[in-house]
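K.L.:
coords please:
(2 chains)
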Amino acid sequence: QKEVEQNSGPLSVPEGAIASLNCTYSDRGSQSFFWYRQYSGKSPELIMSIYSNGDKEDGRFTAQLNKASQYVSLLIRDSQPSDSATYLCAVIGPGATNKLIFGTGTLLAVQP
Amino acid sequence: DAGITQSPRHKVTETGTPVTLRCHQTENHRYMYWYRQDPGHGLRLIHYSYGVKDTDKGEVSDGYSVSRSKTEDFLLTLESATSSQTSVYFCAIRMTSETYEQYFGPGTRLTVT
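P.N.:
Below you'll find the predicted structure:
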């Protein structure tokens, strides 16, 4: 079992819709969770971090964490074509604060 | 890109040659990281540094060495490049000791022929 799993997609949503991106992780003791956005040919860009159960909102982005289910998600409201990118979920496990474990990413395509 | 520069940005080299990639930051961040990104594998940690001359191995360190003789530079060396080391290499920094967010540089695309 991979440590961090994401559906590779592509996830296709119409412009203006809500995009929902999901991630599961295997280490129950994981403490810190991150979402990165990566445009083709570019470097990953941190868009959200979340450390405790519940929701965290930042503009059009909401990260949701459920540690009991070992599940973290990213919602993008009012999706725009410029949101089309690969979204990477990353996790820091217990006792390994320098080791960020990435999923392989979900490709999001927002259709105009 | 968090004040990080990487050089070179693109390199083509032959199997068996040594290659050094440079990561440079201007803001005295203590923690620096090297990752490689490959299709189907995502980003994987190669080595990281938690201070001058303090380094440790990551998930995929075989065939790589690193050095950090000053705060601003973190060098990644492929002692004898192999085709399996063809990849995109990213440097990252962690801005504080209290939080764990990492910020990435622009990347180096390395091709080993």
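K.L.:
and for the helix or strand harbouring A:Ile101, what are the contacting residues?
P.N.:
A:Ile101 belongs to strand A:100-102 when assigned by DSSP states H and E. By Cβ atoms under 8 Å, 6 or more residues apart in numbering or on different chains, the list of residues contacting strand A:100-102 from outside reads A:3-4, A:25, A:34, A:36, A:88-93, B:33, B:42-45, B:100, B:102. C-beta coordinates here come from the backbone N, C-alpha and C atoms, glycine included.
K.L.:
now B:Leu43: closest residue in space, sequence neighbours ignored.
P.N.:
The shortest distance from B:Leu43 to any non-neighbouring residue, by Cβ to Cβ, 6 or more residues apart in numbering or on different chains, is to A:Phe102 (4.2 Å).
K.L.:
circling back to that earlier point, any idea how far the strand holding A:Ile101 is from the middle of the chain?
P.N.:
12 Å (Cα atoms, centre = their mean, to the nearest Å).
K.L.:
please, which helix or strand holds A:Lys42?
P.N.:
Using DSSP H and E, A:Lys42 falls outside every helix and strand.
K.L.:
show me what contacts A:Ala63?
P.N.:
A:33, A:35, A:48-50, A:55-56, A:72-75.
K.L.:
do that again at 6 Å, thanks
P.N.:
A:48, A:50, A:56, A:74 (Cβ atoms under 6 Å, 6 or more residues apart in numbering or on different chains).
K.L.:
same check, this time on B:Tyr31
P.N.:
Contacts of B:Tyr31 by Cβ under 6 Å, 6+ apart are B:50, B:94.
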